[in-house]
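Visitor: Turn this into a structure:
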Amino acid sequence: MQKKPKLSFWQIWNLSFGFLGVQIGYSLQNSNTSSILQSFGADLNSLSYFWLAAPLAGLIVQPIIGMFSDGTWTKLGRRRPYILAGALISTLALCLMPNCPKLLAFAPLVMGAIVFLFMDLSFNITMQPFRALVTDMLDDSQKTEGFVVQTFLINLGSIIGALLPLFFTKVCGVSDAQIEGGVAHHIAYSYYAGAAILLLTVLVTVFKVREYPPEEFAKYSASDDEEQEAGAAPATTEGKKSFWELLKTTPKTMIELGVVQFFSWAALFLMWNYLKPLITSTFVTNGVVNMGEAQTWTGVLNAVYPVSACIISLMMTSLAAKFGNKPVYACTLVCGAIGYLWLAFAQNQYVMMIPMIFIGIAWAGVLAMPYSILARAIDARASGAYMGIFNFTVTIPQICMGLLGGVMVTLIKNALFGKAAYAAMDEVAKVQADSRIAAGMFIIAAIFMLIASISVYFVHEKNTETK
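Guide: Okay, the predicted model is just below:
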């Protein structure tokens, strides 16, 4: 039985190095989109509708790109053409975002929404093949190392992207002053820098990685089929099932995990959407709102939780081995609930860093534990198809929150202030009111995380399939 060649650490590093740049761009988007769209004219009620772009893009694009890249063979291989194409589009989108008022002066918000969708589609085009590339290139004995390296680079990219505005302000002396109807200079420079880094890191992967040609790849794949002898059905049998047939045989464990995923990802979506409005009132001094500093600090807070996620993820395997997957998973989600609730009542930007550490613990659990549990419950011969189906549990809750977020904001606003009283507020009063409304959304997020934690205990952690 032939195995794939062992790759060196730096060869494994190069497989995912481009993901570092993609995640820097994605982090810039997560930290700054709400602020940019608000500067173009969006209000708190409509923000969640714009954020529908990300989960919709993931729901549609990633399965399609995965299907096409499976059957693509070029001089660049099967995955790298899509990685390069997605990176080029992502680079363009990052450069366009700060310039939306110039591109469509009479409707910058419309242009911002179009570029936001454009950016999300390109990020998803680039991300999906990176995950498949690790699976293609590494032997089973090195796959864990490959995904650990990829996870490290993802979190490192999140930190860098979130801190770029702070770097340009504090180190380079770029102004963080808010520009009426436009994007502050330190945010614009961060987008340009992120675009350059994204393209350069992806080019390293494209030109440093040599994918196996079709004949060689088929030879290595054949060894996997040999393991399915001794009475097991061939892998191709499962592959012939239609999408709907696979849905009918979805393991019970996946459905139960879907409940946990729904509430945990709904909570994460609310955080990404409303963190900036939540903390802006902290930056009101003598009746003046420093929007630029508020935006910079949003990036700082978004850089905190990937750090704690990195640290906890290194301990996750040993903790799960000692206490079990479900208890560790549930505890991480409880930490998330504590973090969201703490943020809702925190009044100081430095104190807010502490609850973000708790949220990072939950983030580590969300990224790792459901997949560890799911891997034991699905037929390995159809793991790719089932993982694609499981991605619905990530995108659907975000779509639901995107559709319902505006309604939830309106209900909280009317309950706290009343429609007429809110409309009569001046700019500073509205900023402070929006902060209280966002705090209400974080309380809802905390409740969601708590429900997710409780739901973990109803998950059957075994190979159980629906009949």
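
Visitor: Can I get the host helix or strand of residue 364 as CSV, trimmed to CA atoms?
Guide: Using DSSP states H and E, residue 364 sits within helix 353-375. Presented in CSV, the C-alpha positions along helix 353-375 are these (Å, rounded to 0.1, in the frame of the first residue of the first chain):
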residue,chain,number,x,y,z
MET,A,353,-10.4,42.8,26.8
ILE,A,354,-11.1,40.3,29.6
PRO,A,355,-14.5,39.1,28.4
MET,A,356,-13.0,38.8,24.9
ILE,A,357,-10.6,36.2,26.4
PHE,A,358,-13.6,34.2,27.5
ILE,A,359,-15.1,34.5,24.0
GLY,A,360,-11.9,33.3,22.5
ILE,A,361,-12.2,30.1,24.6
ALA,A,362,-15.7,29.6,23.1
TRP,A,363,-14.3,30.3,19.6
ALA,A,364,-11.7,27.5,20.1
GLY,A,365,-14.4,25.1,21.2
VAL,A,366,-16.7,26.0,18.2
LEU,A,367,-13.8,25.5,15.7
ALA,A,368,-12.7,22.1,17.1
MET,A,369,-15.1,20.1,19.2
PRO,A,370,-18.2,19.7,17.0
TYR,A,371,-15.9,18.3,14.2
SER,A,372,-14.2,15.9,16.6
ILE,A,373,-17.5,14.6,17.7
LEU,A,374,-19.0,14.4,14.2
ALA,A,375,-16.0,12.5,12.8
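
Visitor: what pLDDT, on average, does that helix get?
Guide: Across helix 353-375, the average pLDDT comes to 86.

Visitor: Show the residue spans covered by the strands in the chain.
Guide: In the chain, strands defined by DSSP state E lie at 284-285, 288-289, listed in chain order.

Visitor: For residue 123, give its distance to residue 248.
Guide: Computed as Cβ to Cβ, to the nearest Å, the residue 123 to residue 248 distance reads 32 Å. For the C-beta atoms, the positions are set from N, CA and C on the backbone; glycine is no exception.

Visitor: okay, those two: which has more neighbours?
Guide: When residue 123 is set against residue 248 and neighbours are counted by other Cβ atoms under 10 Å, the residue ahead is residue 123, at 26 against 9.

Visitor: Return the residues in contact with the more buried one.
Guide: Each residue near residue 123 by Cβ atoms under 8 Å, 6 or more residues apart in numbering is listed here: 22, 25-26, 29, 57, 86, 90.

Visitor: try 10 Å this time
Guide: Residues counted as contacts of residue 123 (Cβ atoms under 10 Å, 6 or more residues apart in numbering) are 22-23, 25-26, 29, 54, 57-58, 61, 86-87, 89-90, 93-94, 198.

Visitor: now do residue 277
Guide: By Cβ under 10 Å, 6+ apart, residue 277 lies in contact with 34-35, 38, 44, 47, 294, 298, 409, 431, 433-439, 441.

Visitor: show me where pLDDT drops low in the stretch 351-467 of the chain?
Guide: Counting by pLDDT under 70, the stretch 351-467 of the chain contains low-confidence ranges at 375-376, 378-388, 462-467.

Visitor: Helices of that one, residue ranges please.
Guide: Under the criterion DSSP state H, counting those that start in this stretch, helices of the stretch 351-467 of the chain are mapped to 353-375, 383-390, 392-416, 419-423, 427-456.

Visitor: can you redo the ones you listed as a markdown table with distance to residue 155?
Guide: Written out in a markdown table, the entries for the helices of the stretch 351-467 of the chain read as follows (distance: least, Cβ to Cβ, whole Å):
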| stretch | distance to residue 155 |
| --- | --- |
| helix 353-375 | 9 |
| helix 383-390 | 21 |
| helix 392-416 | 17 |
| helix 419-423 | 39 |
| helix 427-456 | 20 |
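
Visitor: Can you lay out those helices as CSV showing distance to residue 169 and mean neighbour count?
Guide: What follows is the helices of the stretch 351-467 of the chain, written out as CSV (distance: least, Cβ to Cβ, whole Å; neighbours: other Cβ atoms under 10 Å):
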stretch, distance to residue 169, mean neighbour count
helix 353-375, 18, 22
helix 383-390, 40, 18
helix 392-416, 30, 18
helix 419-423, 32, 11
helix 427-456, 20, 21
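
Visitor: closest one to residue 219 among those?
Guide: Each of the helices of the stretch 351-467 of the chain was scored for nearness to residue 219 using Cβ to Cβ, and the closest is helix 383-390 (19.7 Å).

Visitor: So for residue 161, what's the nearest residue that isn't a sequence neighbour?
Guide: Excluding its sequence neighbours, the residue lying closest to residue 161 (Cβ to Cβ, 6 or more residues apart in numbering) is residue 27, at 2.8 Å.

Visitor: what about residue 3, distance to residue 97?
Guide: For residue 3, the distance to residue 97 - Cβ to Cβ - is 45 Å.

Visitor: And the two? Which one has more around it.
Guide: residue 97 (27 against 11).

Visitor: how deep is the residue nearest to residue 161 tucked in, by neighbour count?
Guide: Using other Cβ under 10 Å as the criterion, the residues surrounding residue 27 number 26.

Visitor: How is this protein divided into domains?
Guide: The record, using automatic domain parsing to delimit domains, assigns the chain the ranges 8-224, 240-467.

Visitor: Could you list the low-pLDDT ranges of the stretch 1-150 of the chain?
Guide: By pLDDT under 70, the low-scoring segments of the stretch 1-150 of the chain are 1-2, 63, 66-67, 140, 143-144, 147.

Visitor: Do a quick rundown of the helices in it.
Guide: Here the stretch 1-150 of the chain has its helices, by DSSP H, counting those that start in this stretch, at 9-39, 47-50, 53-70, 80-96, 100-103, 108-137, 140-170.

Visitor: list the contacts for residue 176?
Guide: Each residue near residue 176 by Cβ under 10 Å, 6+ apart is listed here: 165-166, 168-170, 184-187, 290-296.
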